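Undergrad: Predicted model and sequence follow; I will ask about them next.
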Amino acid sequence: MGHHHDHSHGGGHHHHGKGANKRALLISLLIITAFLIVEVIGGFLTNSLALLSDAGHMLSDSSALFLSLIAMFFAARKPSAKKTYGFYRFEILAALINGVMLVVISLVIIWEAYQRFFAPPEVASLSMMGIAFVGLLANIAAAFVLMRGDYKNNLNIRSAFLHVLGDLLGSVGAILAGLLMWKFNWYIADPIISVVVAVLILLSAWRVTRDSVDVLMESTPASIDADQVSDALSKIEGVTSVHDLHIWTVTSGFDSLSCHLHVKDGLASYPILQKALHLLEHQFGITHSTIQIEDSSILHQELLCETGPQTSDKHKHKHEHNHKHEHSH
């Protein structure tokens with residue numbers, strides 16, 4: 001019987017919508033960049049922080065969309081002997097950089113607004129509203145285009161969408177601030193609105209950054225409960241324990257799993273393996289799995305398999321390797 005390293009592949013399921021995502025990013029990049037220049041110039045001419053913060057955010061949008069687009073092209077490259085997963089993680093790196101950029105921009109806006117609270121400068125409110133309205137239309141168009149991509153499941157697209165959404169809020173805030181200044185001469189509305197928008201951007205940025213770090217740290221995907229997976233696998237007939245269980249995300253929509261199944265002596269291992277692969281795909285949506293089947297003839301004397309809390313106490317079965325341990329993906 002020995003043991004078996006087997007895996008099933010997702011049949012390219014993570015490539016779904018890649019073409020649509022690329023088109024969405026490219027069109028959004030062109031829209032945002034076209035209106036970026038108008039907002040930057042307008043922000044300086046009107047002396048509006050709300051408009052300048054919106055313009056600064058739009059600049060980050062443009063670079064973020066460009067970075068996301070570059071990441072998509074890298075991710076499409078085929079795996080090699082040195083990079084066996086290809087460049088899928090480049091998308092996650094792009095999402096992380098975008099998230100960090102948003103955090104930095106938000107903090108800069110808040111600091112500048114803090115300084116303006118004590119002596120709000122006069123702002124050309126009518127011109128500011130006109131420019132902000134044009135920016136709003138640009139952001140609505142870009143957000144609409146990105147929503148047609150896979151923004152719910154693709155972290156890279158989602159980070160780009162959040163950039164545009166934050167910028168859209170900035171445009172709305174700038175229009176509101178302009179209205180208050182035009183009607184009531186409330187120039188303090190400019191830094192107040194800027195802070196509100198910055199905080200909203202900061203919250204979105206934190207979520208994207210946190211999710212990106214989770215993927216890079218190979219954390220168990222939020223949608224999957226490792227204990228439930230272990231329980232389900234241990235209930236397969238013939239399986240006595242599950243250990244060395246690892247579940248992680250390679251890139252958005254591409255979850256992977258590896259584990260060892262200890263089975264009763266004398267049982268044929270392939271039927272158990274087939275049941276395990278079927279269970280993982282249909283119950284948990286994991287289509288890329290590497291499973292090692294073992295019985296009591298496998299002695300683990302040098303390498304402790306269980307590493308981490310993924311293995312439930314009730315399913316622990318102490319094993320240590322005396323052979324070379326390899327994983328193939």
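TA: Nice, thanks for sending it over.

Undergrad: So which elements touch whichever strand or helix holds Ala64?
TA: In this structure, Ala64 sits in helix 49-75 according to DSSP states H and E. Packed against helix 49-75, as judged by 3 or more CB pairs under 8 Å, 6 or more residues apart in numbering; DSSP states H and E, are the following elements: helix 18-46, helix 89-117, helix 125-147, helix 155-184, helix 189-216. For glycine as for every other residue, the C-beta is placed from the backbone atoms N, C-alpha and C.

Undergrad: Check which residues of the lengthiest strand in the chain are buried.
TA: Longest strand of the chain, by residue count under DSSP state E: strand 239-251. Within strand 239-251, the residues scored as buried using 16 or more other CB atoms under 10 Å are Val239, Ser241, Val242, His243, Asp244, Leu245, His246, Ile247, Trp248, Thr249, Val250, Thr251.

Undergrad: which stretches of the stretch 1-150 of the chain have low pLDDT?
TA: The model of the stretch 1-150 of the chain has pLDDT under 70 over residues 1-18, 56.

Undergrad: if you set the cut-off to 50 instead, what comes out?
TA: For the stretch 1-150 of the chain, applying pLDDT under 50 flags the ranges 1-16.

Undergrad: Need the max-distance pair from the buried residues of strand 239-251.
TA: Of all pairs drawn from the buried residues of strand 239-251, the greatest distance, 31.0 Å, lies between Ser241 and Thr251 (CB to CB).

Undergrad: coming back round to it: may I see the helices and strands packed on helix 49-75 organised as CSV, with mean neighbour count and distance to Ala222 added?
TA: Formatted as CSV, the helices and strands packed on helix 49-75 follow (neighbours: other CB atoms under 10 Å; distance: least, CB to CB, whole Å):
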stretch, mean neighbour count, distance to Ala222
helix 18-46, 19, 21
helix 89-117, 20, 14
helix 125-147, 20, 22
helix 155-184, 25, 12
helix 189-216, 20, 8
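
Undergrad: Quick check: which of those helices is nearest to Lys83?
TA: helix 89-117 (9.1 Å).

Undergrad: Hmm, Phe35 and Val134 touching each other?
TA: Yes. Val134 lies in contact with Phe35 (CB atoms under 8 Å); the separation is 6.3 Å.

Undergrad: Next, count neighbours for Leu279.
TA: 17 (other CB atoms under 10 Å).

Undergrad: For the residue of the chain most remote from its centre, give me the pLDDT.
TA: Most distant from the centre of the chain: Gly266, at 44.7 Å, with distances by CA atoms, centre = their mean. Model confidence at Gly266, expressed as pLDDT, equals 91.

Undergrad: Can you pull the phi/psi pair for it?
TA: The phi and psi torsions at Gly266 (degrees, to the nearest 10) take the values phi 90, psi 0.

Undergrad: Distance of it relative to Gly130?
TA: Distance of Gly266 to Gly130, given as CB to CB, to the nearest Å: 81 Å.

Undergrad: And for Ile272?
TA: Taking CB to CB, one finds Ile272 at 69 Å from Gly130.

Undergrad: C-alpha coordinates for stretch 230-240, PDB please?
TA: Below are the C-alpha coordinates for stretch 230-240, written out as PDB (Å, rounded to 0.1, in the frame of the first residue of the first chain):
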ATOM      1  CA  SER A 230     -10.700  17.900   9.500                       C
ATOM      2  CA  ASP A 231     -13.900  16.500  10.900                       C
ATOM      3  CA  ALA A 232     -15.300  15.700   7.500                       C
ATOM      4  CA  LEU A 233     -12.200  14.000   6.300                       C
ATOM      5  CA  SER A 234     -11.900  11.900   9.500                       C
ATOM      6  CA  LYS A 235     -15.500  10.600   9.000                       C
ATOM      7  CA  ILE A 236     -14.500   8.900   5.700                       C
ATOM      8  CA  GLU A 237     -14.800   5.200   6.200                       C
ATOM      9  CA  GLY A 238     -11.300   3.700   6.900                       C
ATOM     10  CA  VAL A 239      -9.700   7.000   8.000                       C
ATOM     11  CA  THR A 240      -8.500   6.900  11.600                       C
END
